[in-house]
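Chemist: Coordinates only, no sequence provided:
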């Protein structure tokens, strides 16, 4: 018999439709009426002819869920582990798995490269030749290390973008472990210096690769990006400050050769961390952000970075910042000549530079991350001014008629370095995060310009400080002038980058950078959008 009209209306039944295999009425709802068949036995429908109670829908009508492929399930699981928390969920900006993994990996890199620095004095005492002093032996090894760092910054910046950060870090940790093994077997300044150069060369790539990881995972999360960069900056000084005393202690027990082999374990831990836990992007193990390495891609990347005016602002500022970062090269001599302490004591006091930068990132870097955009601009200016005053204070204490005070010199050195961590570590990395597939090259070349320029400046200052009683005053005055120039360049960038309030300021600044337009146009665009 024909179906009841009320039932037909409720279930979109048509008399011409066939039944299913099991005898149930073959009800196939239209695309927009799927809910019409989802009746519950307790539900009733009123009509002109009375209420009709409907039976539950045929189970065959429910759409079966699409099964997830096992590989897709693994990718989703890894994405949940590695990706920063979404904005819809309560999140910890600092202690999530991504930040912890990047922090641990870079700490192992910093610890590995610290081993030759700690062991060089023991090596020089044992192996220096009859016609050379221990200082000359150490200077040769240090020269090879500087060469390795410079070459690494120039060459390896491309590799992280083209191969992917994860693969590059695996390669670098493997080479660093091998370099430390060769270091432990050296017997001449050339052999030990070459092995140290290998360690420094491959260590130079870890900072750009870590910056790539943080920027890629926090692509659409400005707060998370700043928090990730803060922890990455902290890992650099934390790894050096904590590993150096430990390596020195092990050296007293095992000797420098076995200690160098033992230090290769830091690289092994970093290798395991990079292999097992690091992914290039959320849910993707290996995802190079740049094109395959070739002459064309290299030229294109160089044009994108070196042809950008904003990049030169930050690179120029990094020269002055780098002078404060590398001031540990001269503060030992400064203490021994003007502070009235022995050379050994002065050398041990140079650790205040690392402690100052660690304090800067830990305290001021954390405050900087939590500040509003306009407050960040004022904060950077205030830190530069305080640093300049500390540098000039060191120059004043070097005057012959001023009583020597090693306590004041150490305190001013701490103040000088503790007011530079944000500008040296966090500001350049924030710029690199806007360079698309050239993040690693941008970060690497900023450091390369800083290393190369500061080496030249310190070489010139080594001659200046020997010019009579006022030599150190002239030297610190030149440093202060360089920091003033860095403040001008950095403030120009910071005002553009962080002056746009609200979410998306960095993204809009990336557009400003790429189109090379004026900042006022960007502000006008934001006002129009608000209206």
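Modeler: All right, it came through fine. None of the values given here were measured: they were computed from a predicted structure.
Chemist: Name the nearest residue to residue 142, ignoring sequence neighbours.
Modeler: residue 120 (7.5 Å; Cβ to Cβ, 6 or more residues apart in numbering). (C-beta placed from N, C-alpha, C; glycine too.)
Chemist: Check residue 126 too.
Modeler: With Cβ to Cβ, 6+ apart as the criterion, residue 126 has its nearest non-adjacent residue at 7.4 Å, and that residue is residue 256.
Chemist: dump the residue contacts of the residue nearest to residue 142.
Modeler: By Cβ atoms under 8 Å, 6 or more residues apart in numbering, the residues touching residue 120 are 138, 141, 142.
Chemist: Name the helix or strand for the last one, please.
Modeler: Following DSSP states H and E, the helix or strand that holds residue 142 is helix 134-163.
Chemist: next SSE after the longest helix belonging to the chain?
Modeler: Criterion DSSP state H: the longest helix present in the chain is helix 222-254. As assigned by DSSP H and E, the chain's next helix or strand after helix 222-254 is helix 256-276.
Chemist: Check which helices and strands the helix or strand just after that following helix sits against.
Modeler: Downstream of helix 256-276, the first helix or strand assigned by DSSP H and E is helix 295-306. Helices and strands in packing contact with helix 295-306 are listed as helix 134-163, helix 439-464; criterion 3 or more Cβ pairs under 8 Å, 6 or more residues apart in numbering; DSSP states H and E.
Chemist: tell me the mean pLDDT over the first one?
Modeler: What it means is helix 134-163. Averaged across helix 134-163, the pLDDT comes to 77.
Chemist: again, but for stretch 98-105
Modeler: Regarding stretch 98-105, the rounded mean pLDDT is 88.
Chemist: go on, stretch 269-288?
Modeler: For stretch 269-288, the mean pLDDT works out to 85.
Chemist: What lies in contact with that stretch?
Modeler: 75-76, 78-79, 82-83, 101-102, 104-105, 108-109, 112, 161-167, 169-170, 173-174, 176-177, 212-213, 216-217, 289.
Chemist: next one: stretch 173-189
Modeler: Outside stretch 173-189, the residues within contact range by Cβ under 8 Å, 6+ apart are 108-109, 112-113, 115-116, 127, 137, 140-141, 191-192, 194-196, 198-199, 201-203, 256-258, 260-261, 263-264, 267-268, 270-271, 274.
Chemist: Just give me how far it sits from the chain centre.
Modeler: 26 Å (Cα atoms, centre = their mean, to the nearest Å).
Chemist: Enumerate the positions of it that are buried.
Modeler: By neighbour count on 16 or more other Cβ atoms under 10 Å, the buried set for stretch 173-189 is 173-180, 182-184, 186, 189.
Chemist: Kindly report the same for stretch 223-238.
Modeler: By neighbour count on 16+ other Cβ under 10 Å, the buried set for stretch 223-238 is 224-238.
Chemist: Wasn't residue 422 part of a helix?
Modeler: Yes - the assignment for residue 422 is a helix, going by DSSP: H, G, I helix; E, B strand; the rest coil.
Chemist: number of nearby residues for the closest residue to it other than its chain neighbours?
Modeler: Among residues not flanking residue 422 along the chain, residue 368 sits closest, at 5.0 Å (Cβ to Cβ, 6+ apart). Around residue 368 there are 22 other residues, counting by other Cβ atoms under 10 Å.
Chemist: I figured residue 368 hits residue 426, correct?
Modeler: Yes - applying Cβ atoms under 8 Å, one finds residue 368 in contact with residue 426, separated by 6.6 Å.
Chemist: Now for the two: what residues contact both?
Modeler: Joint contacts of residue 368 and residue 426 (Cβ under 8 Å, 6+ apart) are 226, 230.
Chemist: just to revisit the earlier point, just the buried residues of stretch 173-189 now: which is nearest residue 146?
Modeler: Nearest to residue 146 among these is residue 189, at 14.2 Å by Cβ to Cβ.
Chemist: Distance of that closest one relative to residue 263?
Modeler: 20 Å (Cβ to Cβ, to the nearest Å).
Chemist: Farthest-apart pair in the buried residues of stretch 223-238, please.
Modeler: Top of the distance list for the buried residues of stretch 223-238 (Cβ to Cβ): 224 and 237, 21.8 Å.
Chemist: so where is the protein shaky, pLDDT-wise?
Modeler: 1-94, 128-136, 139, 290-293, 343-344, 499-531 (pLDDT under 70).
Chemist: Could I get the full set of strands for it?
Modeler: Using DSSP state E, the strands of the chain run over residues 44-47, 50-53.
Chemist: Next, residue 371: phi, psi?
Modeler: When read as degrees, to the nearest 10, the backbone of residue 371 gives phi -80, psi 160.
Chemist: Around the nearest residue to it once chain neighbours are set aside, count how many other residues there are.
Modeler: Spatial nearest neighbour of residue 371, chain neighbours left out: residue 379 (6.2 Å); criterion: Cβ to Cβ, 6+ apart. Look at residue 379: counted by other Cβ under 10 Å, it has 18 neighbours.
Chemist: quick one: contacts for residue 379?
Modeler: Here residue 379 is in contact with 364, 367, 368, 371, 422 (criterion: Cβ under 8 Å, 6+ apart).
Chemist: Now do the residue nearest to residue 142 against residue 171, distance only.
Modeler: According to Cβ to Cβ, residue 120 stands 26 Å off from residue 171.
Chemist: From what I see, residue 152 and residue 206 are in contact.
Modeler: No - with contact defined as Cβ under 8 Å, residue 152 does not count as touching residue 206 (9.8 Å).
Chemist: before we move on, the earlier item: relative to residue 477, which of the buried residues of stretch 223-238 is nearest.
Modeler: Comparing the buried residues of stretch 223-238 against residue 477 with Cβ to Cβ places residue 237 closest, at 27.4 Å.
Chemist: How about the closest one: what's its closest non-neighbour residue?
Modeler: Residue nearest to residue 237 in three dimensions, not counting chain neighbours: residue 358, with 3.9 Å by Cβ to Cβ, 6+ apart.
Chemist: I'd guessed residue 208 sits against residue 160; true?
Modeler: Yes - assessed by Cβ under 8 Å, residue 208 is found in contact with residue 160 at 5.0 Å.
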